[in-house]
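>>> next come a sequence and a model predicted from it.
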Amino acid sequence: MLRSCAARLRTLRVLRRQPGDARLPGSQPGSGKLRSFSFEDVTEKDQALPKPSWSKDLRLLFDKFMKKCEDGSWKRLPSYKTSYTTSTIQDIRAFFSGSIPLKEELMSQARLFTRSFEDGLGFEYVMFYNDDEKRVVCICQGGLYLQGPPGFLHGGALATLIDITLGTNAMVAGGPVMTANLDISFKRPVPLCSVVVINSQLDKVEGRKFFVSCNVRSVDEQTLHTEGTGLFIKLEPGKSLI
Ligand SMILES: CCCCCCCCCCCCCCCC(=O)SCCNC(=O)CCNC(=O)[C@H](O)C(C)(C)COP(=O)(O)OP(=O)(O)OC[C@H]1O[C@@H](n2cnc3c(N)ncnc32)[C@H](O)[C@@H]1OP(=O)(O)O
């Protein structure tokens, strides 16, 4: 998630060192810049692009949103499986004041939960964001290994997708955040392998608190599967997490 998030932030120019860019303060005392929190050396494959395992519905939706990207109002967010470089891990440790409990050799093996399945069996998703409207849309397809009730998506899997969508929305607006609260109403189950659209909206910002809401609908928009709200807290550089 960290890498994926940072890649997203980088896409949004938050982590790029350009004059006038927003910056994540603190990891390099005095400069207000992140020393090497960039991914120029990363050659990993962007996972948020069409794959053979995608259904026709997912491809059609992807094409629809890519069209919306043409005038610049929407942007696709890339996403990776995660493998941090040593310098990146050092920067993350510095940001979190050394409070990441995992040893470096394990940290380099850690993977983003939602990108850890074989193609098509777990989470297939792409997020798009609209800065003017403070919206993030996630188009997603839950695969065969995400079953809950027979033939349907596990509620926890859907909660995960909601969490990352709302969290991304908050992060796009405010930088690194963590989930403090999630409230989800499951209204209609999601058939396994079907495609749903998570439509999220940043509702309110109060200091470090980002309030985000969403609904989850079927591709034809006829079925409201789920509604959710989340509270995300912007992390303070240097403040230990534990
Ligand atoms: C170098 C850069 C790296 C970049 C890289 C990206 C980083 C990261 C990416 C994550 C991307 C998103 C998606 C994550 C998805 C997960 O999975 S996150 C994991 C699950 N969440 C957790 O484990 C969080 C556990 N909780 C915590 O660690 C801490 O409670 C938190 C959330 C960091 C907040 O702690 P804190 O910073 O000490 O904040 P604190 O001062 O206690 O509270 C601040 C305010 O929020 C309120 N608040 C706090 N918690 C709650 C709550 N549960 N309910 C209501 N209000 C609350 C407080 O009352 C306070 O309000 P005010 O007094 O200001 O009005």
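Done, it's in. Numbering: from 1, shown residues only.

>>> export stretch 223-237 to PDB, keeping only CA atoms.
This file holds the C-alpha atoms of stretch 223-237, laid out as PDB (Å, rounded to 0.1, in the frame of the first residue of the first chain):
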ATOM      1  CA  THR A 223     -28.100  -2.300  -8.100                       C
ATOM      2  CA  LEU A 224     -26.900  -0.500  -5.100                       C
ATOM      3  CA  HIS A 225     -24.700  -3.100  -3.400                       C
ATOM      4  CA  THR A 226     -23.100  -1.100  -0.600                       C
ATOM      5  CA  GLU A 227     -22.700   2.300   1.000                       C
ATOM      6  CA  GLY A 228     -19.800   3.300   3.100                       C
ATOM      7  CA  THR A 229     -18.100   6.200   4.900                       C
ATOM      8  CA  GLY A 230     -14.600   6.500   6.300                       C
ATOM      9  CA  LEU A 231     -12.500   8.700   8.500                       C
ATOM     10  CA  PHE A 232      -8.900   9.000   7.500                       C
ATOM     11  CA  ILE A 233      -6.300  10.700   9.700                       C
ATOM     12  CA  LYS A 234      -3.400  12.500   8.000                       C
ATOM     13  CA  LEU A 235      -0.200  11.200   9.500                       C
ATOM     14  CA  GLU A 236       2.200  13.500  11.200                       C
ATOM     15  CA  PRO A 237       5.800  13.100  10.000                       C
END
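
>>> just the buried residues of it, please?
Going by neighbour count (16 or more other Cβ atoms under 10 Å), the buried part of stretch 223-237 is 223, 225-235, 237. All C-beta spots, glycine's among them, are computed from the backbone N, C-alpha and C.

>>> could I get the pLDDT score of Q18?
We have a pLDDT of 31 for Q18.

>>> quick one: L121 and P150, what's the gap?
17 Å (Cβ to Cβ, to the nearest Å).

>>> and these two? which has more neighbours close in?
L121 (14 against 6; other Cβ atoms under 10 Å).

>>> is the residue of the chain found nearest the ligand in a helix, a strand, or coil?
Proximity of the chain to the ligand (Cβ to the nearest ligand atom) peaks at G167, 2.6 Å away. Judged by DSSP: H, G, I helix; E, B strand; the rest coil, the three-state class of G167 is helix.

>>> ok, now which ones touch it?
5, 177-179, 230, 232 (Cβ atoms under 8 Å, 6 or more residues apart in numbering).

>>> report the two of the residues you listed separated the most.
C5 and G230 (14.9 Å; Cβ to Cβ).

>>> what about K204, how many neighbours?
Counted with other Cβ under 10 Å, K204 comes out at 10.
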